[in-house]
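Engineer: How does the following fold in three dimensions:
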Amino acid sequence: MSDADARTPAEIEADIKRRRTQLAETLDEIGVRVHPKTIVGDAKAKFVGTVDHTLGRAYVSANRAVSDMKSQFVDGDGAPRMERLVPVALLAVGVVGLLAMSARRRRG
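Structural biologist: Model (predicted):
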């Protein structure tokens, strides 16, 4: 005689009841997972996570670029590197002067 034959009707009924409960829970869980609001919420969360990750990487890259640029014009002690600042300042003054002359020519 096997194990299945040795079960009483009450045990079989209890097993059926337990399996129905498990099935109902599984179906409820599936229903929640495939509900449009759940799908949209999951998509939003994934999108926000991707955007946050991308923005974080962009921030790190921008911060690194600013630090690299700053290190070109400031030494380790925080003092300005005049040998690099003076040519850049002269170039900026020259560009502003050319823009001013160009604007004056357009008016006149």
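Engineer: how about the helices in the protein?
Structural biologist: 3-6, 9-34, 36-73, 82-107 (DSSP state H).
Engineer: Just give me how far the second one sits from the chain centre.
Structural biologist: Computed by CA atoms, centre = their mean, to the nearest Å, the chain-centroid distance of helix 9-34 equals 39 Å.
Engineer: can I get the helices of the chain in CSV with mean pLDDT?
Structural biologist: As requested, the helices of the chain are exported to CSV (pLDDT from 0 to 100):
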stretch, mean pLDDT
helix 3-6, 68
helix 9-34, 95
helix 36-73, 93
helix 82-107, 91
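Engineer: I'd like those laid out as TSV, including mean neighbour count.
Structural biologist: Where you see a C-beta, it was placed from the backbone N, CA and C, and this is true even at glycine. Listed next are the helices of the chain as TSV, based on neighbours: other CB atoms under 10 Å:
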stretch	mean neighbour count
helix 3-6	7
helix 9-34	10
helix 36-73	10
helix 82-107	10
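Engineer: ok, the residue lying closest to residue 32 once chain neighbours are set aside to residue 70 distance?
Structural biologist: Distances taken as CB to CB, 6 or more residues apart in numbering place residue 38 nearest to residue 32, at 5.8 Å, with adjacent residues excluded. Distance of residue 38 to residue 70, computed by CB to CB, to the nearest Å: 47 Å.
Engineer: before we move on, what about residue 58?
Structural biologist: 18 Å.
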